[in-house]
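**Student:** give me a model of this one.
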Amino acid sequence: MSPAEGLKELRGPSPLWSFGLLRSELLTTFRRWRTLALLGVLAAVPVLVGIAVRIETSDGSSFGGGGPGGGGGGGEGPAFIAQISNNGLFLVFTALAATLPFFLPMAIGVVAGDAIAGEASAGTLRYLLVAPAGRTRLLLTKYATVIAFCLAATLVVAVTALAVGALLFPVGDLTTISGTRITYAEGLGRALLIALVVAASLVGVAALGLFVSTLTGSGIAAMATTVGLLITVQILDQIPQLDALQPYFFSHYWLSFADLMREPVYWDDLMKNLGLQALYAAVFGSAAWARFTAKDITA
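**Tutor:** Have a look, this model is predicted:
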């Protein structure tokens, strides 16, 4: 960091200027065709799942040949698919379970990986640092933008699934995994809580992608590396011989959001998931800050 940048960092911009920087980053991110395409793909998943279940159950049979295990096992998120034809609200839970292992983290990885490296490859990073932002504030703004995208992407999936489920299937009171009945209003509340938990489950991936983005000046390389790491970790999470390490993988507790559909709610794995995401955010966020504040900006 140059002396001039250090002086700007100490003085700091006004809060209004910082808000303007965040607003500008949000507008820039959500106006990109790439971002809109990612959100479009995510919105298509619940539509396709809903149509597939509707066609499969059009003769009155249950999806997958009947039984609660038709769409998955062990009471995890994918098992909700067998209940969609009975209550369209289950499409929300199924769509989130279907997108969380790959589509959602891939979208987050693309946006996070491009956050710093994309500016460097476009030659705009130095101009951003000329403004009175300082590297720390710029990095925090980039991370806040990625977190906003995490929430937006999750809500796109949830809201689309809610609309499609209401159009194609009956809605009303629903049965939890534990076999108890809850009202539709309470089900909506749990759907919102599940969407927030899924969004929070991605903050570790966002920090990892931001760190990778500070390591290179190529946006494409940063995005590819982040997505590659996501795929690698999820493969490792399925290897039985690594069961001692798997609880420390950021993806290990992702489907624990299904426990919110139990009565009473099982909080153990949910808390482990949120704690693990906070740990990843702290470690890789600190690494990103250390790297970004010390590197020479040449583009």
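
**Student:** show the residue spans covered by the helices in the stretch 1-150 of the chain.
**Tutor:** Counting by DSSP state H, counting those that start in this stretch, one finds helices in the stretch 1-150 of the chain at the ranges 3-11, 15-31, 33-56, 90-99, 103-122, 125-130, 135-168.

**Student:** quick check: Q234 touching M106?
**Tutor:** No - here Q234 lies out of contact with M106, judged by CB atoms under 8 Å, at a distance of 10.6 Å. No exception for glycine: its C-beta is placed from N, CA and C like everyone else's.

**Student:** these two - which one has more neighbours?
**Tutor:** M106 (20 against 17; other CB atoms under 10 Å).

**Student:** show me the contacts for the more buried one.
**Tutor:** For M106, the set of contacting residues under the criterion of CB atoms under 8 Å, 6 or more residues apart in numbering consists of 227, 230.

**Student:** now the strands for the stretch 151-299 of the chain?
**Tutor:** When assigned using DSSP state E, counting those that start in this stretch, the strands of the stretch 151-299 of the chain occupy the ranges 174-175, 181-182.

**Student:** quick check: which of these is nearest to R34?
**Tutor:** When the strands of the stretch 151-299 of the chain are ranked by distance to R34, counting by CB to CB, first place goes to strand 174-175 at 36.6 Å.

**Student:** partners of the closest one in the sheet?
**Tutor:** strand 181-182 (antiparallel) (DSSP bridges).

**Student:** contacts made by the partner strand with the rest, please.
**Tutor:** Around strand 181-182, the neighbours that count as contacts under CB under 8 Å, 6+ apart are 173-176, 190, 263.

**Student:** adding pLDDT and distance to R32, write the residues you listed out as a markdown table.
**Tutor:** What follows is the contacts of strand 181-182, written out as a markdown table (pLDDT from 0 to 100; distance: CB to CB, whole Å):
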| residue | pLDDT | distance to R32 |
| --- | --- | --- |
| D173 | 88 | 42 |
| L174 | 88 | 38 |
| T175 | 85 | 42 |
| T176 | 84 | 40 |
| R190 | 92 | 33 |
| E263 | 85 | 42 |
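
**Student:** picking up where we left off before, buried deepest among the helices of the stretch 1-150 of the chain, which one?
**Tutor:** Burial of the helices of the stretch 1-150 of the chain is given as mean neighbour count (mean count of other CB atoms under 10 Å); helix 90-99 ranks first at a mean of 28.

**Student:** relative to helix 135-168, how tilted is that helix?
**Tutor:** Here the directions of helix 90-99 and helix 135-168 differ by 130 degrees (axes from the mean of the first three to the mean of the last three CA atoms, to 10 degrees).

**Student:** show me how far helix 90-99 is from its chain's centre.
**Tutor:** In this view, helix 90-99 has its centroid 13 Å away from the chain centroid, taken as CA atoms, centre = their mean, to the nearest Å.

**Student:** what's that helix packed up against?
**Tutor:** For helix 90-99, the helices and strands in contact under the criterion 3 or more CB pairs under 8 Å, 6 or more residues apart in numbering; DSSP states H and E are helix 33-56, helix 135-168, helix 184-200.

**Student:** how far away from the center of its chain is the longest one?
**Tutor:** Put plainly, it is helix 135-168. Helix 135-168 has its average C-alpha position 7 Å from the chain's average C-alpha position, going by CA atoms, centre = their mean.

**Student:** any idea of the angle that helix forms with helix 33-56?
**Tutor:** With the same axes, to 10 degrees applied, the angle from helix 135-168 to helix 33-56 works out at 20 degrees.

**Student:** do the last one as well
**Tutor:** For helix 184-200 against helix 33-56, the angle by the same axes, to 10 degrees is 140 degrees.

**Student:** hmm, who's touching helix 184-200?
**Tutor:** Here helix 184-200 makes contact (CB under 8 Å, 6+ apart) with 87, 89, 92-93, 96, 100, 104, 150-151, 153-155, 157-158, 162, 171-174, 182, 254, 257, 260-261, 270, 273-274, 277.

**Student:** how far away is L91 from K295?
**Tutor:** With the distance defined as CB to CB, to the nearest Å, L91 ends up 45 Å from K295.

**Student:** actually G109, not the one I wrote
**Tutor:** G109 is 21 Å from K295, by CB to CB.

**Student:** next: P46.
**Tutor:** Computed with CB to CB, the distance linking P46 and K295 is 41 Å.

**Student:** where does pLDDT dip in this protein?
**Tutor:** Of all residues in the chain, those with pLDDT under 70 make up the ranges 1-18, 59-79, 123-133, 296-299.

**Student:** please redo it, this time with the cut-off set to 80
**Tutor:** Flagging of the chain using pLDDT under 80 yields the residue ranges 1-21, 57-82, 118-134, 294-299.
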